[in-house]
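# Take this sequence and fold it.
(chains A and B)
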Amino acid sequence: METLLAFLTVFTHPELLLLVGVGTFAGVYVGAIPGLSVTMAVSILISFTFSWDVHPAIALMIGIYMGGVYGGSRTAILLNIPGAPSAIATALDGYPMAQRGEAGTAIGVTTVMSFFGGFIGIAVLAVAAPFVSDFALKFQPRDYMLLAVLGILLVGSLSTGSLLKGIFAGALGIAIGAVGRDPLTFTERFTFDLKLMEGGISFIAVMIGMFGVSEALMQLHHVNKAAVRQKISRIVPSFSTIRKYLPLSLQTSSIGVIIGALPGTGGDIAALMAYDHAKRVTKSPEVPFGKGAMEGLVAPETANNAAVGGAFIPMMTLGIPGDAVTAIMIGALFIHGLNPGPMLMIDQPDMFWFIVGALVMANFFMLLFGLTGIKLFTRIVEMPRAVLIPLIMLLSIVGAYAVNNSISDVYWMLGFGVFGYFMRHYGYPLGPVILGVILSRLLDDNWRRAIISEREDLGRFFAGLFSSPLSTILFLSVVLIFVSQTPLWTRAKARLARKAA
Amino acid sequence: MTTPVPEHHDGTSDATPGGYENDRRPGELGFALFMLAASLGLLWSAYDISGFEALSAPGAIPMATTLAMVITALIIALRTARLPLIRGEGFVKDILPGTVVVMTLFLIAYALLLRPLGFLPTSALFLVAAVKLLSGRGWAFTLTVSLGSLVAIWLIFRIVFSVLMPAGIVPEAEFIQMFRNLLGGKA
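Predicted coordinates:
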């Protein structure tokens, strides 16, 4: 009964309902406007909702998250510019459809499928998270440590980029997170004897710099690109269309939930993987992939919204973020004095059910805003970047300043902004940095706890790794990711392929 | 995994980071070497925390992570050095164009002026200068758009998010009080 009440919190409090609605509405546009991303919006919002209660703050962020993951598809279809990273795969077939004059159908199918995927993600979250959190109580410190390492490695290994750069970025994040006085022994770490560094680097400054300023600087390259107007006709898709793609959408939703639930990897990777899956299983598409195949829309759009629910699973049960946005939300919960992890689920289950309720509501709002308001939408998206970029920069500065009223946070933010700008240019992923910063404390604490309980004996530590199945699996996964990047793996794969032939 | 058409290698997403697999971008080697040097510096600093005192010492994880940074940075630098420089890209044209430099300077100037001048004047200066520079349109457009959005932002911050920014030379609090009095409320 209490669960139901907590779940219904959003529905019974008009102001929370309104905030989820406003958030989703804003999210659809944030996602749609190229240069504004959900990660950016949520990281800037943390500092603005700092003085709020935790419920309204989370309600707003959840709305933005859900809406934003969907919103990126709009510009991907209409302009061939993915408005958000999660919509990169959507542009591959969405834009060709729009060129054929089927923009309305494409948007309609995308919206309904996003809703469907989102719903599956939330359902899995609601069912699985309580079990995972029960299970999580059995996690030992070393398991947390391994999971954190695994999350940081996964981003690098599942993306198309280089794992080495991913590891570098993750390690850098952990180092950034360690700056300041060590919470256990009060020893100074990486402070270079500067008073300024003793309190550590505000992770909000790092986030806003990396996702706000660096993205804005990047967008300066495209400042003169004009938007193209498209005519949009019928939007709401027919029931038979939906039914036809139901089997595929179930499969791709599952991919989305799993990728979302893996620590560190989110909607962008889920969408690309689902697109690949659709390409593999669709033997004879009506229209070839890349030329405007409906399957090429259904797959990424169900997957990226399903990943939203999935990403909350490790976040709520283990305190390990499922993707960059949930990493930022963990930061938000910290600020509000909550500590995500198995104990949160046990001590304050209402928080979990509130989040599930807010996600459900956001999903409905997304469907509503997705199928209406197209005219207004095309206007807003045409907002010139020459105006948009300075505004993002202004918001980033205000956001970095507002948390601690400290100008040094603004300098950190600008520094990380410029640094992130170069990282983007040279193929270093930014997600692992944020993940590293957020997980640094967890990794450090759990490593020290684990090794102290083994009496500082590495041999005993490794023996312990193989004494529990969970630790063994996690450890082997970490090793496997490393091995998969060495020439050894490529050779073994080639040999296997030859044998098979 | 399917790689989307790489029109711009700007690393908008971690799924498709910027850069090229088989080519080196202008300045990439310099960045890689800089990362290597920085990692070595950090490793030294991490060693300084507690040396090889104990596996559970405060310096253990910092040393392990900075060591990982040094190793990966070294391999990245070696691999980058071996790649051929990409054709048709220039450092100034594709990596660090003038507008990026100018906007970064604007941002630094903003941070410097924020405390002494206050939020409203600094932001007005920043927005007008940036919009004028980027849009290249007339003063009427620039002033209307930048000042209009500044008013909107200020209203949202002060009222919805109650964020307090440095007031500087503008008597913001008096303004708000005056409005409240005008509206008849004595709040």
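
# Just give me the neighbour total for B:Ile49.
22 (other C-beta atoms under 10 Å in any protein chain shown). Glycine gets a C-beta too; all of them are placed from N, C-alpha and C.

# Skip the chain neighbours and tell me the closest residue to it.
Take B:Ile49 and drop its neighbours on the chain: the residue closest to it by C-beta to C-beta, 6 or more residues apart in numbering or on different chains is B:Gly59, 3.2 Å away.

# Of all residues in the stretch 301-450 of chain A, which one is closest to chain B?
A:Gly427 (2.7 Å; C-beta to the nearest C-beta).

# Please enumerate the strands of the stretch 151-300 of chain A.
Ranges of strands in the stretch 151-300 of chain A, per DSSP state E, counting those that start in this stretch, are A:180-181, A:188-189.

# Without its sequence neighbours, what residue ends up closest to the spatially most central residue of chain B?
Centroid-nearest residue in chain B: B:Thr104, 8.2 Å away (criterion: C-alpha atoms, centre = their mean). In space, and not counting its chain neighbours, B:Thr104 is closest to A:Val418: 6.1 Å by C-beta to C-beta, 6+ apart.

# Pretty sure the one you found sits against A:Ser214.
Yes. Using C-beta atoms under 8 Å, A:Val418 is in contact with A:Ser214, at 7.4 Å.

# of the two, who's got more company?
More neighbours surround A:Ser214 than the other of A:Val418 and A:Ser214, with 26 against 18 (other C-beta under 10 Å).

# quick one on the thing from earlier: can you check my assumption that the residue of the stretch 301-450 of chain A closest to chain B lies in a helix?
No. Read with DSSP: H, G, I helix; E, B strand; the rest coil, A:Gly427 is coil and lies in no helix.

# follow-up on the earlier one: tell me the pLDDT at the residue nearest to B:Thr104?
On pLDDT, A:Val418 comes in at 95.

# ok, and it, which helix or strand is that part of?
Element membership for A:Val418, per DSSP states H and E: helix A:407-425.

# Now do that helix: which elements does it pack against?
With contacts defined as 3 or more C-beta pairs under 8 Å, 6 or more residues apart in numbering or on different chains; DSSP states H and E, helix A:407-425 has these neighbours: helix A:203-207, helix A:214-219, helix A:385-404, helix B:98-117.

# Work out the gap between the last one and the centre of the chain.
What it means is helix B:98-117. 11 Å (C-alpha atoms, centre = their mean, to the nearest Å).

# contacts for that helix?
Applying C-beta atoms under 8 Å, 6 or more residues apart in numbering or on different chains, the contact partners of helix B:98-117 are A:213, A:217, A:220-221, A:223, A:389, A:393, A:397, A:401, A:407, A:410-411, A:414, A:417-418, A:421, B:92, B:122-123, B:125-126, B:129-130, B:133-134, B:165-166, B:168-169.

# List the contacts of A:Ile313.
Per C-beta under 8 Å, 6+ apart, neighbours of A:Ile313: A:124-125, A:128-129, A:132, A:260-261, A:322.

# so is B:Tyr20 in a helix, a strand, or just coil?
Here B:Tyr20 is coil, with the state taken from three-state DSSP.

# That one reaches B:Ile86, doesn't it?
Yes. Counting by C-beta under 8 Å, B:Tyr20 touches B:Ile86, with 6.2 Å between them.

# so how far is A:Ala123 from the residue nearest the centre of chain A?
For chain A, the residue nearest the mean C-alpha position is A:Asp323 (3.5 Å; C-alpha atoms, centre = their mean). As for A:Asp323, its distance to A:Ala123 is 19 Å (criterion: C-beta to C-beta, to the nearest Å).

# for stretch A:132-145, how far is the first residue from the last?
17 Å (C-alpha to C-alpha, to the nearest Å).

# Please list the outside residues in contact with that stretch.
By C-beta under 8 Å, 6+ apart, stretch A:132-145 touches A:147, A:313-314, A:316-318, A:320, A:341-342, A:345-346, A:442-443, A:445-447, A:449-450, A:453, A:461, A:464-465, A:468, A:470-471, A:474.

# What subset of these is buried?
Among these, those buried by neighbour count (16 or more other C-beta atoms under 10 Å in any protein chain shown) are A:147, A:313-314, A:316-318, A:320, A:341-342, A:345, A:442-443, A:445-447, A:449-450, A:461, A:464-465, A:468, A:471, A:474.

# And the closest residue to chain B within the stretch 51-200 of chain A, what's its pLDDT?
Closest residue of the stretch 51-200 of chain A to chain B, C-beta to the nearest C-beta: A:Pro85 (3.0 Å). A:Pro85 carries a pLDDT score of 73 in this model.

# In a strand, A:Gln485, correct?
No. Checked against three-state DSSP, A:Gln485 lies outside a strand; its state is coil.

# Leaving aside the residues adjacent along the chain, what's closest to it?
Nearest to A:Gln485 is A:Leu163, by C-beta to C-beta, 6+ apart, at 4.7 Å.

# pretty sure the one you found contacts A:Ser157?
Yes. Contact criterion C-beta under 8 Å: A:Leu163 and A:Ser157 qualify, at 5.0 Å.

# got any residues that touch both of those two?
Shared contacts of A:Leu163 and A:Ser157 (C-beta under 8 Å, 6+ apart): A:481, A:485.

# Spit out the contact partners of A:Thr472.
A:465-466.

# so it is in which element?
According to DSSP H and E, A:Thr472 maps onto helix A:469-483.

# related to what we said a few turns ago, give me the pLDDT for the residue nearest to B:Ile49.
89.

# quick one: contacts for it?
B:Gly59 is in contact with A:187, A:189, B:46-51, B:53, counting by C-beta under 8 Å, 6+ apart.

# domains of chain B?
With domains defined by automatic domain parsing, chain B comprises B:28-93, B:97-182.

# Which stretches in chain B count as strands?
Per DSSP state E, chain B carries no strands over any range.

# which residue ranges form the helices in it?
With helices called from DSSP state H, chain B shows them at B:28-50, B:60-82, B:98-117, B:119-135, B:139-155, B:172-182.

# could you dump the second one to PDB, C-alpha only?
This points to helix B:60-82. Extracted in PDB, the C-alpha atoms of helix B:60-82 (Å, rounded to 0.1, in the frame of the first residue of the first chain):
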ATOM      1  CA  ALA B  60      47.400   3.700  -3.200                       C
ATOM      2  CA  ILE B  61      44.400   4.400  -5.600                       C
ATOM      3  CA  PRO B  62      45.900   7.700  -6.800                       C
ATOM      4  CA  MET B  63      49.100   5.900  -7.700                       C
ATOM      5  CA  ALA B  64      47.300   3.100  -9.400                       C
ATOM      6  CA  THR B  65      45.100   5.400 -11.500                       C
ATOM      7  CA  THR B  66      47.900   7.800 -12.400                       C
ATOM      8  CA  LEU B  67      50.100   4.800 -13.300                       C
ATOM      9  CA  ALA B  68      47.200   3.700 -15.600                       C
ATOM     10  CA  MET B  69      47.100   7.200 -17.100                       C
ATOM     11  CA  VAL B  70      50.900   7.100 -17.700                       C
ATOM     12  CA  ILE B  71      50.800   3.700 -19.400                       C
ATOM     13  CA  THR B  72      47.700   4.500 -21.600                       C
ATOM     14  CA  ALA B  73      49.000   8.000 -22.400                       C
ATOM     15  CA  LEU B  74      52.400   6.500 -23.500                       C
ATOM     16  CA  ILE B  75      50.800   3.900 -25.800                       C
ATOM     17  CA  ILE B  76      48.400   6.500 -27.200                       C
ATOM     18  CA  ALA B  77      51.300   8.900 -27.900                       C
ATOM     19  CA  LEU B  78      53.300   6.100 -29.600                       C
ATOM     20  CA  ARG B  79      50.400   5.000 -31.700                       C
ATOM     21  CA  THR B  80      49.500   8.600 -32.600                       C
ATOM     22  CA  ALA B  81      53.100   9.400 -33.600                       C
ATOM     23  CA  ARG B  82      53.000   6.500 -36.000                       C
END
